[in-house]
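A.B. asks: I'll drop the sequence and a predicted model, then ask my questions.
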Amino acid sequence: MAVRLSLGASRGRLVRQLMTENILLGVAGLVLGLVLGAWIVQLLPSLMVQPPGFPYSTEFRFDSRVALFSLAIALATVVLFGLAPAWRSARPDLVAALKGGPAFGPSSRRRWPLRHWLVAAQVGISMTLLACAGVLVQSFENTRTSDLGFARRQILLVWLVADDAKPSLYHDVMSRFRGMPGVRSVALAVRAPLSLSSQGMFQRVTFPSRPEFANRPPFDIKYNSVTPNFLDTMGTPVLHGRGFDHREESASADSVMINEQMARRFWPNDDPVGKTILVGRTPRTVVGVARNAPINAVGEIPEPYLYLPYWSNFEEEVTFLIQTEGDAAALAQPARRALKSVDSRLSPLTITTDNALIRYSAQLYQITAELVGVLGVLGLMLTAVGLYGVVSYGVSQRTRELGIRMALGAARADTLRLVLREVAALACAGIAVGLPLALIATRLMTTLLFGLGPWNVPTFIVAALLLAAVLLAAGFFPARRATRIEPSSALRVM
């Protein structure tokens, strides 16, 4: 640049040359990004969780809008991050540069230049992404391993609606299902937990024994009609009182069970067992309190819930819950044949498994973990590349200085530590910026976390250590190259 300027080239011409090079780099990056983007779009459907038991497809299109947006981002990046260094590169110190010295004066080494601040900011963003990714991945893992309020068992769910069905028909179906090999138990419910049933069903409930609710309209409380072995099959424990038993097999049973959230809501300082409530216009006696379990989605806020005896609250809609010893999905076809053997008109609306419903219900946790995890890895890679470039450039600018140090007796290990100290300073500054940003980001996405708080100290420590290790590895190679500088060659640079 100094030679060109000394021979009469204008600074505008040099800036145009540098911007042309930047545009070529930007176009190359844009093309590579579009190719990778098109490949990722092909993978996206496999990352989505499909509704179990229903034909459904999600289509992702890599259309002209995506291409134009990518082009705009590439051009903005070239202009914003290419113009400033191009303008500065076209204004060197001609005398120093022609002698082989620093082109922009020694003062640039006495403080952090702009490139260092940009790398520190990049490290901070990467720290934020890694911390968020770690918290979200742990949250998603919790949806697969933590207690949900019912056990994780191999349960086949057969959902059907039979017009003009009678209890005897469903008794026959239950008997046929029990006779299939590998079946441990068969329970009935109107709908299975987490089934794709919109917001669920509700009953209008009043509390005649509670005067504080006397002047209030009936409460709309969600419910399910279940057979006595439903809670045992699902693995939902009864916390107080008793569960349904043979007494609820009759069509005249007037019992009701509630969940613990309903007990806390309507009997905060009293024992609900033995109390009478009106479900619709039917008086029912509370016989037990079951543990809270999700109704529509994993991670939902618990709400009051009723369990009614199925045979005294008979409905044509029914879900058979078939607990199996092996893979529940393997009994899907035998279950279809068993239905047809009872009545050829019986055809299930869906056949799926309880684990499939859990996985679909937790898809928000999975998708966010995948998305932020990928962004965290990309951010880590870009940060490592950026740091490598900055340190390499700094080593090239300090070649003469490092040569003099080594000529005066500095060991190669001293030179290595000198360069790595700069890398450590950049890493520490970026991590220090990224930690509060990560705290804010994880706090804002509390609703996406399951089974853990936003400020998860072990996850933050692991993210910081991983980022520091990658940055030190990225800075080690230019630092090692600095130790191979020959003092005689560096001192000949005038």
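C.D. replies: Cool, the structure landed. Numbers count the residues shown, from 1 in each chain.
A.B. asks: make it CA atoms for all contacts and neighbour counts henceforth
C.D. replies: OK.
A.B. asks: what residues does stretch 15-30 touch?
C.D. replies: Contacts of stretch 15-30 from elsewhere in the structure, counted by Cα atoms under 8 Å, 6 or more residues apart in numbering, are 70-71, 74-75, 77-78, 82-83, 86-87, 89-90.
A.B. asks: run the last query once more with 6 Å
C.D. replies: 86-87 (Cα atoms under 6 Å, 6 or more residues apart in numbering).
A.B. asks: mind checking how far it is from the chain centre?
C.D. replies: Stretch 15-30 has its average C-alpha position 36 Å from the chain's average C-alpha position, going by Cα atoms, centre = their mean, to the nearest Å.
A.B. asks: got the buried residues for it?
C.D. replies: Of the residues in stretch 15-30, those buried by neighbour count under the rule 16 or more other Cα atoms under 10 Å are 15, 18-19, 22-23, 26-27, 30.
A.B. asks: just the CA coordinates for it, please, in PDB.
C.D. replies: Once side chains and other backbone atoms are set aside, the C-alpha atoms of stretch 15-30 remain, and they are given as PDB (Å, rounded to 0.1, in the frame of the first residue of the first chain):
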ATOM      1  CA  VAL A  15     -10.000   1.500  -1.000                       C
ATOM      2  CA  ARG A  16     -11.800   0.400  -4.200                       C
ATOM      3  CA  GLN A  17      -9.300  -2.400  -4.600                       C
ATOM      4  CA  LEU A  18      -9.600  -3.600  -1.100                       C
ATOM      5  CA  MET A  19     -13.400  -3.400  -1.200                       C
ATOM      6  CA  THR A  20     -13.400  -5.400  -4.500                       C
ATOM      7  CA  GLU A  21     -11.400  -8.100  -2.600                       C
ATOM      8  CA  ASN A  22     -13.800  -8.000   0.300                       C
ATOM      9  CA  ILE A  23     -16.800  -8.300  -2.100                       C
ATOM     10  CA  LEU A  24     -15.200 -11.400  -3.700                       C
ATOM     11  CA  LEU A  25     -14.700 -12.900  -0.300                       C
ATOM     12  CA  GLY A  26     -18.300 -12.000   0.600                       C
ATOM     13  CA  VAL A  27     -19.600 -13.600  -2.600                       C
ATOM     14  CA  ALA A  28     -17.600 -16.700  -2.000                       C
ATOM     15  CA  GLY A  29     -19.000 -16.900   1.600                       C
ATOM     16  CA  LEU A  30     -22.500 -16.200   0.300                       C
END
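A.B. asks: if we can go back for a sec, in helices, which of the buried residues of stretch 15-30 appear?
C.D. replies: With helices defined by DSSP state H, the entries of the buried residues of stretch 15-30 inside them are 15, 18-19, 22-23, 26-27, 30.
A.B. asks: pull the number of nearby residues for Ile221.
C.D. replies: Counted by other Cα atoms under 10 Å, the residues lying close to Ile221 total 18.
A.B. asks: for it, give me its contacts.
C.D. replies: Applying Cα under 6 Å, 6+ apart, we find Ile221 in contact with 202-203.
A.B. asks: who does it bridge with?
C.D. replies: In this structure, Ile221 has the following beta-bridge partners (DSSP bridges): Gln203.
A.B. asks: can you pull the pLDDT of it?
C.D. replies: The predicted local distance difference test score for Ile221 is 94.
A.B. asks: next: Met1.
C.D. replies: Reported pLDDT at Met1 in the predicted model: 75.
A.B. asks: and what of Thr143?
C.D. replies: The per-residue pLDDT reported for Thr143 equals 89.
A.B. asks: where does it sit, in terms of helix or strand?
C.D. replies: Taking DSSP states H and E as the criterion, the element that holds Thr143 is helix 114-145.
A.B. asks: ditto for Ala165
C.D. replies: Using DSSP H and E, no helix or strand contains Ala165.
A.B. asks: what of the one 3 residues further on?
C.D. replies: Using DSSP H and E, the element containing Ser168 is helix 167-178.
A.B. asks: report the angle between the helix or strand following that helix and helix 167-178.
C.D. replies: With elements assigned by DSSP H and E, the helix or strand that comes after helix 167-178 is strand 183-189. Using axes from the mean of the first three to the mean of the last three Cα atoms, to 10 degrees, the interaxial angle of strand 183-189 with respect to helix 167-178 works out to 150 degrees.
A.B. asks: hmm, back to that, buried set for the helix holding Ser168?
C.D. replies: For helix 167-178, the neighbour count (16+ other Cα under 10 Å) marks 170, 173-174, 176-178 as buried.
A.B. asks: now those as CSV including pLDDT and distance to His246?
C.D. replies: Listed next are these as CSV, based on pLDDT from 0 to 100; distance: Cα to Cα, whole Å:
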residue, pLDDT, distance to His246
Tyr170, 93, 17
Val173, 94, 19
Met174, 94, 16
Arg176, 94, 20
Phe177, 95, 20
Arg178, 94, 18
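A.B. asks: re earlier: what's the helix holding Thr143 packed up against?
C.D. replies: Under the contact criterion of 3 or more Cα pairs under 6 Å, 6 or more residues apart in numbering; DSSP states H and E, helix 114-145 touches helix 363-397, helix 412-444, helix 457-482.
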